[in-house]
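S.K.: mind looking at a prediction? Sequence and model below.
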Amino acid sequence: MKFRTRAIHAGNAPDPQTGAVVPPIHVASTYVQPGAGQWGQFDYARSGNPTRQAVETTLASLESGCGALAFASGMAAIHCVTMLLQHSDHILAGTDIYGGTYRLFHKITPRAGIDITLADSTRLEAFTTGLTPRTRLVWIENPGNPRLTISDIRACAELAHQHGALLGVDNTFASPVLTRPLELGADIVMHSATKYLGGHSDLLGGALVVRDPELLARLYFVQNATGGVLGPFDSFLLSRGLKTLDLRVRAQSATAWQLAQWLANDPRIDRVLYPGLPSHPGHALAQRQMDGAFGAMLSFELRGSFDQARRVAQSTQLFQLAVSLGAVESLIEQPASMSHASYDPSDRQRHGISDGLIRLSVGLEDVADLQHDLDQALDALDAG
């Protein structure tokens with residue numbers, strides 16, 4: 001079956017008892033067992049839940065994996081991956097990563113004696129210099145957050161495997177509609193399911209999808225032991241969101257592409273960061289890795305200061321000032337003061353997250369209305 005069909009039907013068989021086309025939400029915390037020491041399919045909600053299992057089945061299908069695990073948040077999912085590591089192990093990560101991931105890697109995992117190095121994953125030679133004999137996990141985001149950089153997933157996978165490490169890819173920005181990293185050699189795909197997978201700003205969740213059953217078992221052991229699982233109601237909302245994922249992502253991407261072209265020709269803008277523009281350094285690679293579109297996230301830099309960028313972000317009316325992304329409504333934010341404020345300031349500057357950078361999550365509104373909204377916000381800056 002094609003992607004859009006699997007998004008609707010994989011994991012969503014009619015309820016065998018009632019024939020309902022939408023499976024029921026199972027809220028039970030515990031399950032009666034056939035006998036003492038005899039275990040049925042489900043025993044305790046932390047270990048497994050029918051509603052969560054259904055959406056995990058859908059996710060595994062969409063990402064071409066052998067299985068998936070649904071978590072209470074994207075950060076819980078990434079934390080689970082880091083708990084595969086041991087004292088003195090090393091993580092090599094790209095420089096264009098979410099602020100929460102940066103915080104986890106720099107402020108939490110070092111407490112367990114795990115080292116972290118950031119290197120430019122878009123330049124393989126530079127990225128290779130960050131490897132050590134102790135590297136056990138290579139982590140990239142593709143496209144990157146917030147600079148929309150593009151990394152060669154297949155090359156990063158080969159590099160990681162040559163050095164005995166796993167490659168994990170945060171695929172939140174692209175979603176499996178546009179990129180499926182497991183098909184390119186990655187070992188682990190992570191999603192903040194809060195974003196495109198859910199798509200309506202009404203759930204908090206995360207997911208891991210893998211292609212190796214043994215790795216899935218290891219991750220499940222950690223998840224079950226630590227308990228950061230997705231609840232049944234959020235599992236239901238996520239399942240519902242996935243059914244329209246392909247339609248939403250492609251429509252949002254088309255609007256983002258039009259806005260990127262318009263912004264790239266605006267003299268008030270210093271540069272636009274969007275993989276769909278031929279001027280983007282990763283454009284040719286994105287054409288090969290992404291399936292017919294370039295995503296609905298874009299960033300741009302003003303010819304101005306931190307305060308001017310903040311004023312523009314606070315002056316829009318349709319673009320709502322908020323962190324998060326990927327939902328039906330458009331959002332705007334200033335990474336330096338919001339999504340990436342947890343970066344050490346020196347690291348923000350070193351890794352290209354300038355004070356004048358503004359990040360857009362393009363929703364499903366009409367492109368003309370969104371363009372007018374950005375135009376009036378930029379005009380207000382000129383007037384000020």
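M.R.: Looks like it arrived, so ask away.
S.K.: hey, let's count contacts and neighbours off CA atoms from now on
M.R.: Fine.
S.K.: so what touches the worst-scoring helix or strand of the chain on mean pLDDT?
M.R.: Every helix and strand of the chain was ranked by mean pLDDT, DSSP states H and E. The lowest is helix 345-350, at a mean of 86. Contact with helix 345-350 is made by Ala336, His340, Ser354, as judged by Cα atoms under 8 Å, 6 or more residues apart in numbering.
S.K.: pLDDT, secondary structure and neighbour count added to those, as TSV?
M.R.: Converted to TSV, the contacts of helix 345-350 look like this (pLDDT from 0 to 100; DSSP: H, G, I helix; E, B strand; the rest coil; neighbours: other Cα atoms under 10 Å):
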residue	pLDDT	secondary structure	neighbour count
Ala336	90	coil	24
His340	92	coil	23
Ser354	90	coil	19
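S.K.: out of those, who's nearest Met190?
M.R.: His340 (18.9 Å; Cα to Cα).
S.K.: ok, and the closest non-adjacent residue to the closest one?
M.R.: Gly99 (4.2 Å; Cα to Cα, 6 or more residues apart in numbering).
S.K.: in a helix, Thr58, correct?
M.R.: Yes: judged by DSSP: H, G, I helix; E, B strand; the rest coil, Thr58 forms part of a helix.
S.K.: OK, contacts around it?
M.R.: Arg6, Ala7, His9, Ala10, Gly11, Asn12, Ser239.
S.K.: among those residues, name the ones in helices.
M.R.: Among the contacts of Thr58, the residues falling in helices (DSSP state H) are Arg6, Ala7, His9, Ser239.
S.K.: surely the first one is in contact with Leu62?
M.R.: This points to Arg6. Yes: Arg6 is within contact range of Leu62, at 7.0 Å (criterion: Cα atoms under 8 Å).
S.K.: who's more crowded, those two?
M.R.: More neighbours surround Leu62 than the other of Arg6 and Leu62, with 22 against 17 (other Cα atoms under 10 Å).
S.K.: phi, psi of Leu208?
M.R.: Torsion angles at Leu208 (phi, psi; degrees, to the nearest 10) stand at phi -120, psi 140.
S.K.: excluding its backbone neighbours, what's nearest it?
M.R.: Here the residue nearest Leu208, using Cα to Cα, 6+ apart, is Met190, at 4.7 Å.
S.K.: any idea how far Leu159 is from the one you found?
M.R.: Plainly put, Met190 is 19 Å away from Leu159 if you go by Cα to Cα, to the nearest Å.
S.K.: more neighbours: which of these two?
M.R.: Met190 (26 against 19).
S.K.: tell me which element the more buried one is part of?
M.R.: Using DSSP states H and E, the element containing Met190 is strand 188-192.
S.K.: quick check: closest non-adjacent residue to Ala68.
M.R.: According to Cα to Cα, 6+ apart, the nearest residue to Ala68 is Val209 (4.3 Å).
S.K.: identify the bridge partners of the one you found.
M.R.: With DSSP bridges applied, Val209 shows beta-bridge pairing to Ala68, Val189.
S.K.: what is the burial count for it?
M.R.: 30.
S.K.: ok, it - contacts?
M.R.: Leu59, Ala60, Glu63, Gly65, Cys66, Gly67, Ala68, Leu69, Ile188, Val189, Met190, Leu216.
S.K.: right, and the second one touches Ala54 too?
M.R.: No: using Cα under 8 Å, Ala60 makes no contact with Ala54, being 10.1 Å away.
S.K.: picking that back up, nearest to Thr109 among the ones in helices among the contacts of Thr58?
M.R.: Ser239 (31.4 Å).
S.K.: confirm for me that that closest one is in contact with Val55.
M.R.: Yes: using Cα under 8 Å, Ser239 makes contact with Val55 at a distance of 5.3 Å.
S.K.: how near is Asp202 to Gly100?
M.R.: Distance from Asp202 to Gly100, by Cα to Cα: 20 Å.
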